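Engineer: Next comes the sequence, and after it the predicted model I'd like to discuss.
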Amino acid sequence: MPKHEKNDVELLRTWTLPPAATMGSAVRSKGIFQELQSRLPTALKKALVLYGGDIILAMPVREKAAFNAAVAILAKAMVDVENLPVIPREIQDILTIKAGERHRWLADGRLPSAGTRTVRLNGRARRITFHIFDPKVVEDLLDRGAVDEWREEDAIAKAENRRKAAYKAKLTRSLKTAGKTKKARGEITDEPASQLRGWEEFDVDGLLR
């Protein structure tokens, strides 16, 4: 049982998170729990706990009115729990991807965004904005193994980019070498007439007059 259980706790209500909502992710389960918790009044937030795959509301019998109010809020939220947006850390856990991959696939359009959300960090004035994802889309990506396909595509593209970079570097070196050779030939051709071999003999004989 959760650590909140005490002798005076008599009111309990449990909701089991469906697999379609968690998609096998403990991170997603925690995210859903935190979303449900945020919908409760501040005084009741600590009465809600996550225990495995269960959401448990535990309160003293003397707070029956508040308990019933909390049950109504949570029951309504649980109806639509499978459609709660997936946040970055959740999609990374569900699809087993890294943050860099998420950013790259978002940027090139392979990972479609369902919009953005702005939140304030606990105890801080600063707000952060991040992309959220449609759970149905995430489930589809998971089922058809899209991540493996994308990684293979990225590997092919990376190899092609390396090949192009190597060719470009080789071409640049060739052009530099050709330029140096041409310059050297030009220096030989442009030497002053007085420095050419045999020039003085021609001049002495008057052949250049």
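Structural biologist: Arrived safely.
Engineer: Below-threshold pLDDT in this structure: ranges please.
Structural biologist: Counting by pLDDT under 70, the chain shows low-confidence ranges at 1-9, 181-209.
Engineer: Show me how it divides into domains.
Structural biologist: Per automatic domain parsing, the structural domains of the chain span 1-83, 85-144, 150-195.
Engineer: Report the separation between Ala157 and Leu171.
Structural biologist: As judged by Cβ to Cβ, to the nearest Å, Ala157 and Leu171 stand 21 Å apart. Backbone N, C-alpha and C define where each C-beta goes, glycine included.
Engineer: now Ala165
Structural biologist: Taking Cβ to Cβ as the measure, Ala165 falls 11 Å from Leu171.
Engineer: got it, and Val71?
Structural biologist: Distance, Val71 to Leu171, using Cβ to Cβ: 72 Å.
Engineer: These two: which is more packed in?
Structural biologist: Each of Val71 and Leu171 had its neighbours counted (other Cβ atoms under 10 Å), and the higher figure belongs to Val71 (15 against 10).
Engineer: So the residue nearest to the more buried one when sequence neighbours are not counted, which state does it fall into?
Structural biologist: If the residues on either side of it in the chain are set aside, Val71 comes closest to Arg13, at 5.3 Å by Cβ to Cβ, 6 or more residues apart in numbering. The three-state label given to Arg13 by DSSP: H, G, I helix; E, B strand; the rest coil is strand.
Engineer: Arg13 touches Leu57, doesn't it?
Structural biologist: Yes - judged on Cβ atoms under 8 Å, Arg13 makes contact with Leu57 at a distance of 4.5 Å.
Engineer: The two: who's more crowded?
Structural biologist: Between Arg13 and Leu57, Leu57 has the larger neighbour count (other Cβ under 10 Å), namely 21 against 16.
Engineer: Mind jotting down where the helices sit in the chain?
Structural biologist: In the chain, the helices defined using DSSP state H lie at 19-22, 26-38, 64-79, 88-95, 99-107, 135-143, 146-189, 199-204.
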